[in-house]
Each structure stands twice: as structure tokens, then as C-alpha cells.
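In: Dropping a prediction and its sequence here:
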Amino acid sequence: MRDKIVAGNWKMNLTFEQALQLANDVNTWVAENKTDAKVIIAPSSIYLQAIQETVDEQFVQVASQDVSNAEKGAYTGDISAEQLDSIGINTAIVGHSERREYQQETDEVIAKKLEQLFAKDITPIFCVGEKLEEREADKHFEVVKTQILNALNPQQVENLSKLVIAYEPVWAIGTGVTASPAQAQEIHAYIRTVLKDAYGEKIAEETSILYGGSVNAQNAKEIFSQPDIDGGLVGGASLKYDDFVQIIAACK
Ligand code: PGA
């Protein structure tokens with residue numbers, strides 16, 4: 001059985017006080033409501049430890065938004081997998097399209113980040129997705145396949161059982177435009193085929209594949225009901241308590 005997951009990617013939002021309040025509220029809601037989905041929140045790194053101490057990990061897990069591709073040393077501003085592990089963080093988003101775009105992260109860098117996370121037994125939420133012009137040129141399957149194989153081929157296959165993938169079409173992130181449930185299902189099923197051909201049936205069947213890109217309280221249920229969609233990576237709507245808990249409730 002694949003895990004159902006709803007992960008909130010808070011990006012560079014919220015003051016410390018707001019972040020603690022939201023984490024606390026989400027934790028209370030999950031504690032009081034029976035949820036099928038595993039709930040994850042990814043605050044800015046400066047809040048990780050405080051939020052980790054605020055929530056109960058049986059209800060809400062705390063994830064990093066990124067990790068360094070290096071193990072340790074003179075990398076000013078970076079945070080290593082070992083450092084995340086040392087404060088008990090066991091999940092990290094990797095390869096988000098905003099980092100691919102604004103920090104020029106390549107597939108090779110992302111592959112190294114995955115290696116660092118696997119070495120510390122941290123679950124990666126590995127993001128892939130095509131840009132608008134690639135979708136319009138009908139290249140989305142090819143783009144996503146290349147992103148997956150470039151990042152995962154260097155990994156040891158036994159580590160891939162820890163992987164979570166998030167399919168996030170860049171044209172749907174923060175735009176209010178969502179992939180239709182059918183479009184999302186089509187590419188999620190395709191991702192499973194790519195995983196099966198490259199790494200075998202077991203990895204393909206057991207990897208949770210999340211959809212991301214303008215998921216909200218209104219569209220979550222239909223998106224999550226698709227057979228190959230195992231939950232969502234939620235940006236903007238994860239900052240609003242009412243919307244986020246409705247999205248969690250929609251993930252069954
Ligand atoms: P969004 O962001 O829900 O605001 O579109 C999703 C993401 O970037 O993970």
C-alpha cells in the first residue's frame with residue numbers, strides 16, 4: 001500500500017509567530033480528526049527545530065524545503081543532510097522548480113542532493129514537472145522522464161523504496177491554473193511506467209506520487225481520487241488553515 005500524503009510547502013512565507021501558530025493549529029486538527037493522509041509541513045529552515053518541537057510527529061511531520069548537495073564544509077548558507085538528521089528531520093523537498101529556476105539547480109545537483117538524503121535515511125519529496133512551453137510542444141512526457149532518470153539513475157536502487165515523487169507542472173504552480181484531473185492522472189501513470197521500466201514493478205507500485213500546482217480546497221478531492229495520485233504538494237493553500245485542513249480531509 002502506498003502512503004497517502006498531503007505536504008504543505010510554505011516556501012518563504014510566514015513570520016516565526018505565524019508559523020508556530022499555523023503548525024500548532026494543523027497539529028490540533030490532525031489530532032482531533034481521523035485522517036488517511038500522512039501530513040507534512042515544510043517551513044523555512046530557520047523555523048524547523050521550533051516547529052519540530054511544537055508538533056507531535058505522530059500527527060504532523062516536519063520537512064526541510066531543500067538540502068545541500070555537499071556532505072559538509074565550506075558551503076556558506078547551506079544545510080546538510082547530516083544537520084537535518086541531527087535535529088530529527090526525516091523528510092526533505094528536493095528539486096522544486098523554483099530552485100531549478102532561481103538557483104539554477106541541474107538534474108546532476110539534484111541527484112547529489114538525493115544521495116545526501118538517502119545516506120542519512122531522510123525521505124526525499126523529489127519534484128519534477130514541465131514548463132508551459134514544453135507542455136505546449138507536447139514534450140512533457142520526455143521532460144519528466146529525463147528529470148527522473150537523470151536524478152535517480154545514480155542512486156542505489158534499494159534506496160528508491162524511500163522515495164516520494166511530486167509531479168508539479170511549472171505552469172500550474174502559484175498560477176491558479178491546475179492540471180485537469182485527467183491530465184494529472186495521465187502523467188502520474190506515465191511516471192509509474194518510467195519507474196517500472198527503469199527500477200522494477202515493486203518500486204513503481206510502492207512509490208507515492210503527489211500532484212502539485214494550485215491544489216486548493218475545491219479541486220483537491222477530484223485530483224486525489226485519481227488512481228495514480230497519492231496526495232498533494234500544496235503551496236499557497238497550505239498557508240491558509242481552513243483550506244489546508246480541507247485538503248487533508250479530501251485525501252482518502
Ligand atoms: P502552489 O505551489 O500550490 O502554490 O501552486 C505548489 C508548490 O510549488 O509546491
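Out: Okay, I see it. Numbers count the residues shown, from 1 in each chain.

In: residue contacts, whichever residue of the stretch 101-250 of the chain sits closest to the ligand?
Out: At 2.2 Å from the ligand, Gly235 is the closest residue in the stretch 101-250 of the chain, using C-beta to the nearest ligand atom. C-betas here are computed from N, CA, C, even on glycine. Going by C-beta atoms under 8 Å, 6 or more residues apart in numbering, Gly235 touches 8-9, 11, 173-174, 212.

In: what's the pLDDT at the residue of the chain most remote from its centre?
Out: The outermost residue of the chain, judged against the average C-alpha position, is Ala74 (27.6 Å), by C-alpha atoms, centre = their mean. At Ala74, the model reports a pLDDT of 98.

In: just the one 10 residues further on next, same as before
Out: You'll see Leu84 listed with a pLDDT of 98.

In: Now it: which helix or strand?
Out: helix 81-86 (DSSP states H and E).

In: Could you check the helix or strand just after that helix and say which residues are buried?
Out: Going down the chain from helix 81-86, the next helix or strand is strand 91-94, by DSSP H and E. Across strand 91-94, burial judged by 16 or more other C-beta atoms under 10 Å covers 91-94.

In: before we move on, what about stretch 11-21?
Out: Under the neighbour-count criterion of 16+ other C-beta under 10 Å, stretch 11-21 has 11, 14, 19-20 buried.

In: circling back to that earlier point, can you list the residues that contact the helix holding Leu84?
Out: 48, 64, 67-68, 71-72, 92, 116-117, 119-122.

In: now, which of those residues lie within helices?
Out: Those of the contacts of helix 81-86 mapping onto helices are 48, 116-117, 119, per DSSP state H.

In: Do you have the strands of the protein handy? List them.
Out: 5-9, 38-42, 60-62, 91-94, 123-128, 164-167, 208-212, 231-234 (DSSP state E).

In: And for Asn90, the neighbour number?
Out: 18 (other C-beta atoms under 10 Å).

In: doesn't Leu117 make contact with it?
Out: No. Using C-beta atoms under 8 Å as the test, Asn90 is too far from Leu117 to be in contact (9.6 Å).

In: which residues are common contacts for the two?
Out: In contact with both Asn90 and Leu117: Thr123, using C-beta under 8 Å, 6+ apart.

In: Model confidence score at the nearest residue to Asp25 once chain neighbours are set aside, please.
Out: Distances taken as C-beta to C-beta, 6 or more residues apart in numbering place Tyr241 nearest to Asp25, at 5.1 Å, with adjacent residues excluded. Per-residue pLDDT puts Tyr241 at 98.

In: Now do the contacts for Tyr241.
Out: Residues in contact with Tyr241 (C-beta under 8 Å, 6+ apart) are 22, 25-26, 29.

In: if we go to 7 Å?
Out: 22, 25-26 (C-beta atoms under 7 Å, 6 or more residues apart in numbering).

In: Now, of the residues you listed, which are buried?
Out: Applying 16+ other C-beta under 10 Å to the contacts of Tyr241 flags 22, 26 as buried.

In: Reformat the contacts of Tyr241 into CSV and put pLDDT and distance to Ala182 next to each item.
Out: Formatted as CSV, these follow (pLDDT from 0 to 100; distance: C-beta to C-beta, whole Å):
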residue, pLDDT, distance to Ala182
Leu22, 98, 33
Asp25, 98, 34
Val26, 98, 30
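
In: Show me which residues of the protein sit near the ligand.
Out: Neighbours of the ligand within the chain, by C-beta under 6 Å from any ligand atom: 9, 168, 173-174, 212-215, 233-237.

In: Can I have the buried ones of those residues as a PyMOL selection?
Out: Selecting only the buried entries of these in PyMOL, with 16+ other C-beta under 10 Å as the criterion:
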select buried, resi 9+168+173+212+213+214+215+233+234+235+236+237
